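In: sequence plus the predicted model coming up.
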Amino acid sequence: MPKKELVFSLTRKDFEIQFFKGSGPGGQNRNKVETGVRIIHKESGAVGQAEDSREQLTNRKNALKRLADSPKFKLWLAKKLHEIEIGKTVEELVDEMMEEKNIKIECVNENGNWEEEK
């Protein structure tokens, strides 16, 4: 079995964690205690939110799972892993591809054939 290697890590500093009072039925406890949790990943803008449980810890776990499963976070993660693997950002790769030596401009001449622009 191949050994797993840590590529990068996320810490609490990478997230903004907000607590709020849950909505819906639940009586006085629901109105007084901030059991709802919203977790925002600052870099990607992905959000996970949970207020299903009466326990804040359970809601934290659910919110983090929802954040990790969100398409926005998955896209950010794929982009980050690609940057680490290649060693360049997507923007740097695009800049390299758009250099003049890599661009070929063609246009249609009066006969209807494609020819390289001079």
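Out: Noted; the coordinates are in hand.
In: quick one: residue 22 from residue 35, how far?
Out: Between residue 22 and residue 35 the computed distance is 5 Å (CB to CB, to the nearest Å). Just so you know, the C-beta spots here come from the backbone N, C-alpha and C atoms, and that holds for glycine as well.
In: list the residues that contact both of the two?
Out: By CB atoms under 8 Å, 6 or more residues apart in numbering, residue 22 and residue 35 have these common neighbours: residue 51.
In: same question for stretch 93-102, mean pLDDT?
Out: Averaged across stretch 93-102, the pLDDT comes to 83.
In: and if you look at stretch 66-83?
Out: In this model, stretch 66-83 carries a mean pLDDT of 93.
In: ok, stretch 38-54 next?
Out: For stretch 38-54, the mean per-residue pLDDT is 93.
In: now residue 84: which helix or strand?
Out: helix 71-86 (DSSP states H and E).
In: residues contacting that helix, please?
Out: Applying CB under 8 Å, 6+ apart, the contact partners of helix 71-86 are 7-8, 41, 43-47, 67, 89-90, 93.
In: could you redo the last one with a cut-off of 6 Å?
Out: 7, 41, 44, 46, 67, 89 (CB atoms under 6 Å, 6 or more residues apart in numbering).
In: quick one: contacts for the last one?
Out: Contact partners of residue 89, counting by CB under 6 Å, 6+ apart, are residue 83.
In: next: the first one.
Out: Each residue near residue 7 by CB under 6 Å, 6+ apart is listed here: residue 84.
In: the fifth one too?
Out: Residue 67 sits next to 39, 46, 48, 73 when contact means CB under 6 Å, 6+ apart.
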